[in-house]
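Chemist: When you get a sec, could you give me coordinates for this:
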Amino acid sequence: MIKKPKTDPHGCTDDILAMLDTLDALGGRWKLLIVHYLLTREGESNTFKKMEKDIEGISAKMLSKELKMLEVNKIVHREVMPTKPVTVQYSITEYGKETESVIKALVDWGQKHRMKLFNSKE
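Modeler: Predicted coordinates for the structure are as follows:
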């Protein structure tokens with residue numbers, strides 16, 4: 001969770017502070033991929049093991065760490081199911097769904113960027 005410092009960094013404007021907060025909540029290699037995964041699989045049974053298998057390259061330790069941070073930031077909901085053995089399911093929260101337009105913009109830009117890099121004659 002974002003802890004508000006006693007004082008904001010010197011010279012930071014409101015927009016820079018907002019961007020720093022956003023990067024704290026969603027930054028890094030895996031958080032946006034996890035959120036995108038849950039957004040595109042809403043209504044499915046998204047267990048830890050399934051996510052670990054489906055999100056290529058992520059370790060169990062990193063998935064666990066990132067899910068905890070996303071849960072603290074109220075983007076992901078964790079539900080322990082009353083099964084034997086215990087099953088844990090993850091879903092996107094209503095608040096987390098607000099990231100959908102940001103993720104779409106990043107995907108759109110990423111596709112244009114790949115085209116620019118790999119299909120450019122410049």
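Chemist: ok, which stretches of the protein are helices?
Modeler: In the chain, helices defined by DSSP state H lie at 14-26, 31-40, 48-54, 60-72, 94-97, 100-118, listed in chain order.
Chemist: May I see the buried residues of the longest one?
Modeler: By neighbour count on 16 or more other CB atoms under 10 Å, the buried set for helix 100-118 is Ile103. In this view, the C-beta of every residue, glycine as well, is placed from N, C-alpha and C.
Chemist: what's the answer for the third one, then?
Modeler: When burial is assessed from 16+ other CB under 10 Å, helix 48-54 yields the following buried residues: Phe48, Met51.
Chemist: follow-up on the earlier one: nearest to Val86, of the helices of the chain?
Modeler: Nearest of the helices of the chain to Val86, taken as CB to CB: helix 48-54 at 10.5 Å.
Chemist: Send me the closest one as PDB with only the CA atoms.
Modeler: What follows is helix 48-54, C-alpha atoms only, in PDB (Å, rounded to 0.1, in the frame of the first residue of the first chain):
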ATOM      1  CA  PHE A  48      -2.800 -19.400  -8.200                       C
ATOM      2  CA  LYS A  49      -1.600 -22.600  -9.900                       C
ATOM      3  CA  LYS A  50      -3.500 -21.700 -13.100                       C
ATOM      4  CA  MET A  51      -2.100 -18.200 -13.100                       C
ATOM      5  CA  GLU A  52       1.500 -19.500 -12.500                       C
ATOM      6  CA  LYS A  53       1.100 -21.900 -15.500                       C
ATOM      7  CA  ASP A  54      -0.500 -19.300 -17.800                       C
END
